[in-house]
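S.K.: What follows is a predicted protein model with its sequence.
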Amino acid sequence: MKNWSARRREPGSGARQVKVQDPLAVVEVGSSWARPPPRTGLRSHHPDGAGVSGPSRSRQPMARNAPEGTGPMHVPFGHIVANTKWRGSKLLQGMQGKIKIVFEDGLTPVDFYVSSRSCILYVTEADLVAGNGYRKRLVQVRNSSNLQGIVIVEKTQMSEQYFSAIQKFTVLDLGMVLLPVTSQMEASCLIIQLVQEQTKEPSKNPFLSKKRTLMPELSLLRTVQQIPGVGKVKAPLLLQKFPSIQQLSNASIRELEPVVGQAVAQHIHAFFTQPR
């Protein structure tokens, strides 16, 4: 018989401790009590996947200590902690059965945690069209010494005209990684990949640094690909010569020309130097 237990947080106390002994359970730990999902017979029915049976395994509790939702959180490998506002969305539907999802409220400004100190901020098509309201969330995470954020942006036919502004603000002003997607289903595949990369051993994972921070080379590559005139072919060549956004942004046209040619070099230089 599975054992569910939770301890309610008292005023002034630390983070809640939640013990979950069903490894595939989806549990809300942001409310006053952590509740197990409905149970039927001897099987545990997972809202985000098929039911499973067999012996249960204990899972470490998740804890968030820093204020304003920008503190580190324990996230077991193969899991993602999602803001409850995404419950029932196409984004999470695309992850069902592929990774284990834990919901928590009060994550603002973060949308997802993929590891204890790596988070995702998701900017929808509607967010872009509505204006610059998304910037406050990005700045909050950027100013946090506890978190490393990746920004995923919906670049659609409707929002494409606003993409350049968020790209420059995110990459140049904040120095954060930005990954464009065309839909929430594409975003779910990308997030699954990021979570799965976290489960690999550091020595076997080419995307993780020695400090195991989530700044994948893949993310940087996709960011550079979005610079006008660059694309998938020239981006790797640029990163071989200029391995960071800072170095690339400081490169002169003369330094860029041998790598990508005069025309693209001028596009890149203009992208980094024109007023924002």
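M.R.: Received the coordinates, thanks.

S.K.: so where is the protein shaky, pLDDT-wise?
M.R.: Low-confidence segments of the chain (pLDDT under 70): 1-72, 199-218, 275-276.

S.K.: Check the gap between the closest residue in space to residue 181 that isn't next to it in sequence and residue 239 for me.
M.R.: In space, and not counting its chain neighbours, residue 181 is closest to residue 187: 4.3 Å by C-beta to C-beta, 6 or more residues apart in numbering. For glycine as for every other residue, the C-beta is placed from the backbone atoms N, C-alpha and C. Relative to residue 239, residue 187 is positioned 23 Å away (C-beta to C-beta, to the nearest Å).

S.K.: Check residue 112 too.
M.R.: From residue 112 to residue 239 the distance is 26 Å (C-beta to C-beta).

S.K.: and what of residue 139?
M.R.: To residue 239, residue 139 is 26 Å away according to C-beta to C-beta.

S.K.: These two: which is more packed in?
M.R.: The neighbour comparison of residue 139 against residue 239 (other C-beta atoms under 10 Å) goes to residue 239, with 19 against 15.

S.K.: in what helix or strand does residue 95 lie?
M.R.: For residue 95, there is no enclosing helix or strand under DSSP states H and E.

S.K.: which ones are touching it?
M.R.: For residue 95, the residues meeting the contact criterion (C-beta atoms under 8 Å, 6 or more residues apart in numbering) are 48, 80, 101, 188, 191, 192.

S.K.: Go ahead and confirm the last one touches residue 96.
M.R.: No: with contacts defined as C-beta atoms under 8 Å, residue 192 does not count as touching residue 96, sitting 10.4 Å away.

S.K.: in what helix or strand does residue 195 lie?
M.R.: helix 184-198.

S.K.: what packs against that helix?
M.R.: On a contact count with 3 or more C-beta pairs under 8 Å, 6 or more residues apart in numbering; DSSP states H and E, helix 184-198 meets strand 79-83, helix 90-93, strand 112-115, strand 118-123, strand 148-154, strand 177-181.

S.K.: Mind putting the ones you listed into CSV with distance to residue 161?
M.R.: Conversion of the helices and strands packed on helix 184-198 to CSV gives the following (distance: least, C-beta to C-beta, whole Å):
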stretch, distance to residue 161
strand 79-83, 28
helix 90-93, 23
strand 112-115, 27
strand 118-123, 15
strand 148-154, 13
strand 177-181, 14
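
S.K.: okay if I get those as CSV plus distance to residue 244 and mean neighbour count?
M.R.: Supplementary listing: the helices and strands packed on helix 184-198 in CSV, determined by distance: least, C-beta to C-beta, whole Å; neighbours: other C-beta atoms under 10 Å:
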stretch, distance to residue 244, mean neighbour count
strand 79-83, 27, 23
helix 90-93, 30, 17
strand 112-115, 22, 24
strand 118-123, 18, 24
strand 148-154, 15, 24
strand 177-181, 11, 22
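
S.K.: between those, which gets nearest to residue 230?
M.R.: strand 177-181 (13.1 Å; C-beta to C-beta).

S.K.: what about the closest residue to residue 120 other than its chain neighbours, distance to residue 266?
M.R.: Closest residue to residue 120 apart from its sequence neighbours, by C-beta to C-beta, 6+ apart: residue 112 at 4.2 Å. Using C-beta to C-beta, residue 112 is found at 38 Å from residue 266.

S.K.: care to break this protein down by domain?
M.R.: 12-207+215-226, 227-276 (automatic domain parsing).

S.K.: from those domains, which stretch is densest packed?
M.R.: Between the domains of the chain, domain 12-207+215-226 has the highest mean count of neighbours, a mean of 17, where neighbours are mean count of other C-beta atoms under 10 Å.

S.K.: Mind jotting down where the helices sit in the stretch 1-150 of the chain?
M.R.: With DSSP state H, counting those that start in this stretch applied, the stretch 1-150 of the chain shows helices at 90-93, 125-130, 135-142, listed in chain order.

S.K.: now the ones you listed as TSV including distance to residue 258?
M.R.: Output for the helices of the stretch 1-150 of the chain, formatted as TSV (distance: least, C-beta to C-beta, whole Å):
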stretch	distance to residue 258
helix 90-93	42
helix 125-130	36
helix 135-142	33
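
S.K.: closest to residue 172 out of these?
M.R.: Among the helices of the stretch 1-150 of the chain, if distance is taken as C-beta to C-beta, the winner is helix 135-142, at 12.3 Å.
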